[in-house]
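Student: compute the structure for the input listed below.
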Amino acid sequence: QLQLVESGGGLVQPGGSLRLSCAASGDTLATSAIAWFRQAPGKEREGVSCISTNGGNTASADSVKGRFTIFRDYAKNAVYLQMNSLKPEDTARYFCAADPSYQHFCALVTEKYSVWGQGTQVTVSS
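Tutor: Just a heads-up that it's a prediction; the model follows:
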């Protein structure tokens with residue numbers, strides 16, 4: 001059974017960078033589309049970035065375009081979110097999620113993803 005574990009969160013100053021990792025166990029990520037979502041206190045969960053099953057297509061929220069990059073490492077059975085030029089409004093708990101059906105494209109729609117990790121906290125503050 002596929003399980004996801006996020007890591008790499010922490011406290012960073014505005015303008016700084018972090019790389020989040022989503023590691024899989026119990027099954028391969030190679031057949032799944034993967035997405036990162038985030039949720040700040042008192043706000044709804046929102047999609048951040050996603051990547052298709054073969055890694056050929058990605059999508060990102062307008063708020064992170066040009067700053068965040070999602071990529072996957074099939075050999076390590078992991079997906080990463082490189083976050084640069086972080087802003088205080090990026091502060092949230094970040095979750096990775098998997099859609100275990102083969103997807104040529106991906107979408108930032110919560111309901112498409114059936115496997116979720118527990119999240120990792122990102123705090124951007126001076």
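Student: who does the closest residue to Tyr113 other than its chain neighbours bridge with?
Tutor: Counting by Cβ to Cβ, 6 or more residues apart in numbering, Tyr113 lies nearest to Ala97, which is 3.5 Å off, once chain neighbours are set aside. (C-beta placed from N, C-alpha, C; glycine too.) Beta-bridge pairing for Ala97 (DSSP bridges): Ala35, Trp116.
Student: how many residues are close by Ala97?
Tutor: 22 (other Cβ atoms under 10 Å).
Student: over to Arg93?
Tutor: Arg93 - counted by other Cβ under 10 Å - has 18 other residues nearby.
Student: now Asp99
Tutor: 22.
Student: residues touching it, list them.
Tutor: Shown in contact with Asp99 (Cβ atoms under 8 Å, 6 or more residues apart in numbering): 32-35, 106, 112-114.
Student: show me these that map onto strands.
Tutor: Among the contacts of Asp99, the members falling in strands (DSSP state E) are 33-35.
Student: count the residues that sit near the residue nearest to Asp99 when sequence neighbours are not counted.
Tutor: The shortest distance from Asp99 to any non-neighbouring residue, by Cβ to Cβ, 6+ apart, is to Ala33 (4.4 Å). If you count neighbours by other Cβ under 10 Å, Ala33 ends up with 26.
Student: quick check: Ala33 vs Glu89, distance?
Tutor: 26 Å (Cβ to Cβ, to the nearest Å).
Student: and Gln1, by the same measure?
Tutor: 35 Å.
Student: for the two, indicate the residue with more neighbours.
Tutor: Glu89 (10 against 6).
Student: that one and Ser7, how far apart?
Tutor: 22 Å.
Student: please consider this matter closed, and thank you.
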